[in-house]
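[1] I'd like to go over a predicted model; first the sequence, then the structure.
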Amino acid sequence: MTRWTTAALLTALALTGLTACSDDDSPSSVASKVASAASRAGDAVASATAEAGRRFDDIKNGVDAKDDVRIGAPATASDGRTTVAVTAANRAASAKSFAVQVDFTDQTGKLVDTVVVTVPDVPAGGTGKGTARSTHRLSGDVRAKVSRAVRY
């Protein structure tokens, strides 16, 4: 097995909670369970991406603010979800709020989750903080990046 295949198999097994095979599990039934887990993981990412799109579609009169947002290093919270600190700098002349889409990827750059965090009421010339939290437990070397940000 290649490293990628092994990693994909282990990830899929972790997602389904499979830790061992019983004597009744044939190779094809195990493969079916792994494929089903991979499909559910893909569905979760697609659902999170669609929700992020809806959140941005609801924002009226927003201004691109991706360059005004910084994130920290991903960390694993006590519940196993990945979190990342978000800091938004308001360069406007009045208080503004920010919507920030944070994409979580694996070490190869493959999208494994996406979330939108709101940083509300950032004073003019000030900064505001928030925390992006994955929608589910992520495993392996998780990375985070700001996909888009809007000031409104």
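    That came through, no problem. Numbering: from 1, shown residues only.

[2] can you find the helix or strand in the protein with the smallest mean pLDDT?
    Least confident helix or strand, the chain: helix 3-16 with a mean of 37, by mean pLDDT, DSSP states H and E.

[3] does residue 46 count as helix, strand or coil?
    Secondary structure assignment for residue 46 (DSSP: H, G, I helix; E, B strand; the rest coil): helix.

[4] what is the burial count for it?
    Residue 46: 12 surrounding residues under other C-beta atoms under 10 Å. Backbone N, C-alpha and C define where each C-beta goes, glycine included.

[5] ok, now residue 109?
    9.

[6] same question for the one 4 residues further on.
    Counted with other C-beta under 10 Å, the neighbours of residue 113 add up to 24.

[7] do you know how far it is from residue 58?
    21 Å (C-beta to C-beta, to the nearest Å).

[8] so where's this structure shaky on pLDDT?
    Along the chain, segments meeting pLDDT under 70 span 1-44.

[9] give me the neighbour count for residue 61.
    When neighbours are defined as other C-beta under 10 Å, residue 61 has 7 of them.

[10] that one contacts residue 97, doesn't it?
    No: checked against C-beta atoms under 8 Å, the pair residue 61 and residue 97 is beyond contact range at 11.6 Å.

[11] need the overlap of contacts for these two.
    residue 152 (C-beta atoms under 8 Å, 6 or more residues apart in numbering).

[12] chain center to stretch 107-124: distance?
    Distance of stretch 107-124 from the chain centroid (C-alpha atoms, centre = their mean, to the nearest Å) equals 8 Å.

[13] report the buried residues of it.
    Under the neighbour-count criterion of 16 or more other C-beta atoms under 10 Å, stretch 107-124 has 112, 113, 114, 115, 116, 117, 118, 119, 122 buried.

[14] cool, thanks, talk later.
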